[in-house]
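Undergrad: Task: produce atomic coordinates for the following.
(3 chains)
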Amino acid sequence: MTSPETATAPPLLSMSGISKFYGGVRALEKAELTVMPGRIHAILGENGAGKSTLIKIMAGVVAPDQGRLLLDGREVSFASPADAAASGIACVFQELSLIPDLSVADNICISNPPRRFGLIDRQAQRVIAAEALARAGADDIHPRILVKDLPLSRRQMVEIAKALARKPRILILDEATSALTAGDVAKVFAVLKRFRSEGMALLYISHRMHEIAELADECTVFRNGRNVATYKAGTRSETEVVEMMIGREYKNVFPPKPAHVSRPQPPVLECRDLGWDDRLRNISLTVGEGEVVGLGGLDGQGQRDLLLALFGVLRGTTGEILIDGKPQTIASPARACHENIGMALIPEDRKTEGLMLPMTVRENLSFAALDRVARRGIIDRDKEEELIDGMVRLLGIKTAGLDIPVGALSGGNQQKVVIAKWLMRGPRLILLNDPTRGIDVGTKQELYALLRRLADQGAAILFYSTDYDELIGCCDRVLVLYDGSVINELAGDRLTERALIASALNVDQARMTEARI
Amino acid sequence: MSDITGERAMERRLPKFIRRIDPAVATAFGCILLLLVVGSIYSTSFLSVEYLLQQLKVAAFLGVIATGMMIVILLGQIDLSVPWSVAVGGMMACAAAAFGHVGEALAIPFGILCGMAIGLANGVGVAYLRIPSMIITLATNAVAQGLMVVYTGGFSPQDSATAAMRYIATGFLVPGVPNAVIIWALIGAAAVFALTRTTFGRSVYAIGNRERAAYLSGIDTRRVVLIAFVVSGGLSAFGGVLLAGYASKAAQSMGDTYLLPSIAAVVLGGTSILGGRGSYLGTVAGVILITLLQSILSVMQMPEAGRQIIYGVVIVAMLLLYGRQRRTE
Amino acid sequence: MKEWRFWLAEQRQTLMAIGIFAVMFAIYVTNHPAGFTANVVQTAANKSVLLAFVAMAQTLVVITAGIDLSVGMIFILTNCLASWLVVGGAGATTLGVIAVLGSGLACGILNGLIVIYGRLQPIVATIATGAAYFGIALLLRPYPGGSVNEGLADALTGKLFGVIPASLVALAAVVLVVWVPFSRSVLGRAAYASGSSEPAAYMSGMPIRRAKFLAYALAGLLASIGGLFLTFFTYTGEAAYASGNAYTLFSIAAVVLGGVSLFGGKGSVIGAIFGAFAFRTIGDLLFVFDFDPLWQPLFQGVVLLIAVSLGAFGLFRVRNRLEWFG
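TA: Numbers count the residues shown, from 1 in each chain, chains lettered A, B, ... in the order given. A predicted model of the protein is given here:
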């Protein structure tokens, strides 16, 4: 697969002892990675294993707290993406870094355009762009077309061509094939293999196991912010890989789940064939009274879009949503929280979507339930106080007072405020979008207990989490999403970390079961 | 738990402005005191009750206009249609007065209504078409100007203010206290109530802080924005009605000198230009500060040129001090 | 083979602006009592280039998704300054012109410093600096007056070879000297990029702040060229508040008519120039059709209102309502 010269060549880039903390939360701890020229190195790991942070450090987007980066044996540190690019590291990110209003040629040559008399030479630029596109196997894209006029899959190809035009020595592809068609993937693979033979080092991050099997020379598995194993591609079975990825540290204690009971019909929420753009496909699910249903899968497989679609934020959704068996059109969050629907969404990012940070705890707590504490638009302060006091006690929110800015609270308490704010409406259907991200263990525990208590009181809960441990501990059933569709439903004994990861990677379940026997 | 609730009960008994004094508001009041001291050096009559009441009366016109501007700025938007909303209010009220007794009776509401119509256009543009507020308000300002030019034929309008308009601007219901001041106090009280005690007010602050979060909380953010612009247009026009009553007639450019001072008053009072933060008390301080500054500059016989420069410099300086906190967070 | 179609797509907005202007101007000259003569063209050109310069200034800032509400006041300030300085012999006049352009550039630099490095909102910051610039103008010219080197003025407002309006030639020269290098430099591209998508521009390692700063600074310079020409046309300086405000407003209208997106990243100065020409022609059209000139401000306002509302149609393509909130 690889020639002996390149195999014994010195490493191009080596990272050692890399640690990175966000607030108190560890993203990477003493991670190691060696990148060899002329090799394709795959990186695997479940959500939060530290893959993205590792790449961001390499690409100069974030700086590590500890550790060393050696490029050609010399220590380097990147202050910005431009710095990393200048050192020959190019990155194809999932979130595209293309400028929509500029042409494909402008975008491809953006960091170092060809110049004549000091001015950008558009003719030469088009030639370079056409070459780069041809090399990436995307010669159907005209260099003069504007990026915003291209469909997503073509933009991804432009992104790859842009990275190639820099003639990098290290090319990082972070889920770069997620938006591509099968034909494009084949072309891209051929190109990547060619670059490998030319001596480029490639880092390949993907959730598609078969792609990794086809492409990679080496694989490194990350878990809990650390690299746990590096092996030659093809020497481990998919089952063994899944085994390496599991083994998260269990720190959480979960409330006991009730034995299986028959749920009253109709379910609180039912959706049939829900679709949106190409991000959600034919999603059908039910959530019954008293039930906690989890949404699993690798991050970014449509879970967030599903919650937003249910909550009336997305436009142009297809399919049907039934509440208590009756079809409903939900065209806005205001409609979703209306009495006869009674939905609540604990959003993804509490700082920008859940809270108004500079406003007081009081104002934040009562904001979603203002119509409950106000008559004809005038707030009844005593009633507000009463409701708030109840909530503060119920959730044990620790605050120095109700009139301090909510931004002054700890992350865990902020999250409690977001949840309390919605509980004040007494919702019957609660959607949670990864609510425990970045909060402390103690608060997590309280939230788990709270969720179960709410379910026991009759609420229907749809719970997306990037933490598999949580899904297993909290949920009665878990739906696993992959590329915008539900590909598996796990419940009871089948709800295990192994099964979750295998489904998330879309690894064949039958083979998995075989391997275990 | 018990000591927290006890503490909170005590907190609640204290008025809000003592509990949390915004440094910007404190600075504004400090500047007012400074100006009074400086002014009293120039002229001893500066500290007399008559003079101060006179200043309050002049401040009242700006105060009414700045109230609307403040609500819009709290949303994180801006209303640049103030100049011609003011003029439309004054001119239309005077125009209505020409239509006999009915016209005279309806003069004030008609003027305000015309301003609200401008605000409605602004609000629809900002909330539903999502045109940047600065652009759409500039455009409606131009249209309002065009309409008034056509209406007046390019001359200063000949209609004069009604007796009622003159009375609310210059009369004395309470001996010694000009009616304009009472009106400002009433509008101010209504604004404080609306901003602190109603769902509308809470929504305004919330939208100014994070429109996304407010929307996801089930608030009809577009309606709130629309209402805010209508209120702003109406208050600007009412300011115009008062000014017309004060001068006995309306004039083409009567609103031009109110755009910058109304923004300045709001910003100097500590309201964040990015929205979401600010108290009406601060705006009151800002209005008085601007009025005193104008008064002192005219006592010092500072030419218009100097005033414009001082305005510009003071606003930029205050913004550099207070206006950019949120982005650095 | 299909190169012309891409060229068409790239220049669509600009060509639209040119088309709108061409139609309006054709209607104007065919209905003008004198018809299509060099004199009619010269008068029209002289009226239009002033707004064209200010619109160019606005365009540079708008491309970065900013706004400069002080361009009209820089225009007035430099007019007042020129009515003092651009006098005397050839040497003195040259120095005067340089001083006027330099002070315009300085105003732009100040705006850039405050907005980019002081991190203030451009709207309020430039309203405030605009007030200060107007104050200085008023200090310079409390009453209309002053003079200008009339030889230079007549040369630049007259006709070349008896046919081509010299002011148009000057406009073209400024486009060549300022716009062409800017639009084809790395900083110019960074200006477009940061207006189109600032996060993407950052990820691509572009010099965002320097590009924006340059846009504000050049806007000051271009506005001062406009101020200089105003002096050449009127031979005097006047600190006219209403006129400064009107030019700021019209510059935005011209920019929008010229196909420059107020959300940044899109459009060109050429489009804005023809937008300015078209906007100016509205008044001329009203004139040849014997409308009362009183209707002019209303027509201009309505055109501006319609133009800014047209930009809202992209809204209906938004699939995720959270995108409304940026």
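
Undergrad: For stretch A:478-493, the averaged confidence score.
TA: Here stretch A:478-493 scores 89 as its mean pLDDT.

Undergrad: just stretch B:124-131 next, same as before
TA: 90.

Undergrad: now do stretch A:424-436
TA: 90.

Undergrad: end-to-end on it?
TA: 20 Å (Cα to Cα, to the nearest Å).

Undergrad: And that stretch, what's buried?
TA: Under the neighbour-count criterion of 16 or more other Cβ atoms under 10 Å in any protein chain shown, stretch A:424-436 has A:424-425, A:427-436 buried. All C-beta spots, glycine's among them, are computed from the backbone N, C-alpha and C.

Undergrad: Is the helix or strand containing residue C:50 in proximity to chain A?
TA: Following DSSP states H and E, one finds residue C:50 within helix C:38-63. No. Applying Cβ under 8 Å from any Cβ of the partner chain, one finds helix C:38-63 separated from chain A by no less than 9.6 Å.

Undergrad: Show me what that helix is packed against.
TA: helix C:12-31, helix C:71-85, strand C:164-165, helix C:166-174, helix C:186-196, helix C:208-234, helix C:241-257, helix C:269-288 (3 or more Cβ pairs under 8 Å, 6 or more residues apart in numbering or on different chains; DSSP states H and E).

Undergrad: Show me which residues of that helix are buried.
TA: Here helix C:38-63 shows C:40-63 as buried, counting by 16+ other Cβ under 10 Å.

Undergrad: secondary structure class for residue B:271?
TA: coil (DSSP: H, G, I helix; E, B strand; the rest coil).

Undergrad: Number of residues surrounding residue A:124?
TA: Neighbour count of residue A:124, defined by other Cβ atoms under 10 Å in any protein chain shown: 15.

Undergrad: List of residues touching the host helix or strand of it?
TA: For residue A:124, the host element (DSSP H and E) is helix A:122-135. When contacts are defined by Cβ atoms under 8 Å, 6 or more residues apart in numbering or on different chains, helix A:122-135 is touched by residues A:104-106, A:108-109, A:113-114, A:116, A:139, A:141, A:143-144, A:157-158, A:161-162, A:164-165, A:191, C:184.

Undergrad: Over to stretch A:138-145?
TA: Under Cβ under 8 Å, 6+ apart, the answer for stretch A:138-145 is A:103-105, A:108, A:125-126, A:129-130, A:133, A:150, A:154, A:157-158, A:160-161, A:184, A:187, C:2-3, C:6-7, C:9-10.

Undergrad: separation between residue A:322 and chain C?
TA: Look at residue A:322 and chain C: by Cβ to the nearest Cβ, to the nearest Å, they are 22 Å apart.

Undergrad: A strand includes that residue, no?
TA: Yes. According to three-state DSSP, residue A:322 belongs to a strand.

Undergrad: Any figure for the gap between it and residue A:425?
TA: For residue A:322, the distance to residue A:425 (Cβ to Cβ, to the nearest Å) stands at 21 Å.

Undergrad: and if you look at residue C:43?
TA: Separation of residue C:43 from residue A:425 (Cβ to Cβ): 68 Å.

Undergrad: ok, and for stretch C:154-171, which residues are buried?
TA: C:156-157, C:159, C:164-168, C:170-171.

Undergrad: Take these and write them to CSV, including distance to chain B.
TA: Putting these into CSV (distance: Cβ to the nearest Cβ, whole Å) gives the following:
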residue, distance to chain B
C:156, 29
C:157, 28
C:159, 33
C:164, 33
C:165, 28
C:166, 31
C:167, 26
C:168, 27
C:170, 28
C:171, 25
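
Undergrad: where's the dip in pLDDT among those residues?
TA: Comparing those by pLDDT, residue C:159 comes last, at 80.

Undergrad: Please flag which of the contacts of helix A:122-135 sit within helices.
TA: Among these, the members falling in helices (DSSP state H) are A:104-106, A:108, A:157-158, A:161-162, A:164-165, A:191.

Undergrad: quick one on the thing from earlier: report the two of the buried residues of stretch C:154-171 separated the most.
TA: Taking Cβ to Cβ as the measure, these span a maximum distance of 14.3 Å, between C:159 and C:171.

Undergrad: now, of the helices and strands packed on helix C:38-63, which is deepest in the fold?
TA: Mean neighbour count, computed with mean count of other Cβ atoms under 10 Å in any protein chain shown, is highest for helix C:71-85 among these, reaching a mean of 30.

Undergrad: Can you name the next helix or strand after that helix?
TA: Going down the chain from helix C:71-85, the next helix or strand is helix C:90-112, by DSSP H and E.

Undergrad: Let me see the contact set for residue 303.
TA: Went with chain A since none was named. Residue A:303 neighbours (Cβ under 8 Å, 6+ apart): A:295, A:297, A:433, A:464, A:481.

Undergrad: wait, chain C
TA: Counting by Cβ under 8 Å, 6+ apart, the residues that residue C:303 touches are C:253, C:257, C:279, C:282.

Undergrad: what about the nearest residue to the first one once chain neighbours are set aside, distance to residue B:139?
TA: What it means is residue C:253. Residue nearest to residue C:253 in three dimensions, not counting chain neighbours: residue C:304, with 4.2 Å by Cβ to Cβ, 6 or more residues apart in numbering or on different chains. According to Cβ to Cβ, residue C:304 and residue B:139 sit 5 Å apart.

Undergrad: Could you do residue A:65 as well?
TA: Residue A:65 is 51 Å from residue B:139, by Cβ to Cβ.

Undergrad: Neighbour count for those two, which is higher?
TA: residue B:139 (29 against 15).

Undergrad: what's residue C:3 in contact with, if anything?
TA: residue A:144 are the contacts of residue C:3 under Cβ under 8 Å, 6+ apart.

Undergrad: Go again with 6 Å.
TA: Contact analysis of residue C:3 by Cβ atoms under 6 Å, 6 or more residues apart in numbering or on different chains lists nothing.

Undergrad: got it, and residue C:307?
TA: Counting by Cβ under 6 Å, 6+ apart, residue C:307 has contacts C:256-257.

Undergrad: Just the element for it, please.
TA: With DSSP H and E as the test, residue C:307 turns up in helix C:295-310.

Undergrad: Can you flag the buried ones in the contacts of helix A:122-135?
TA: A:104-106, A:108-109, A:113, A:141, A:143-144, A:157-158, A:161-162, A:164-165, A:191, C:184.

Undergrad: Low-confidence stretches in the chain?
TA: Looking at chain A here, since you left the chain open. Across chain A, the ranges flagged by pLDDT under 70 are A:1-9, A:23-24, A:94-96, A:179, A:247-252, A:260-262, A:508-517.

Undergrad: Can you look at chain C instead?
TA: Across chain C (using pLDDT under 70), the flagged ranges come out as C:1-2, C:311-317, C:326.

Undergrad: So which bits of it are right by chain A?
TA: C:6, C:184, C:193, C:196-197, C:200, C:203-205, C:265-266, C:319-322 (Cβ under 6 Å from any Cβ of the partner chain).

Undergrad: quick one: which two of those are the most distant?
TA: Taking Cβ to Cβ, no two of those sit farther apart than C:184 and C:321, at 38.5 Å.

Undergrad: Cheers, nothing more for now.
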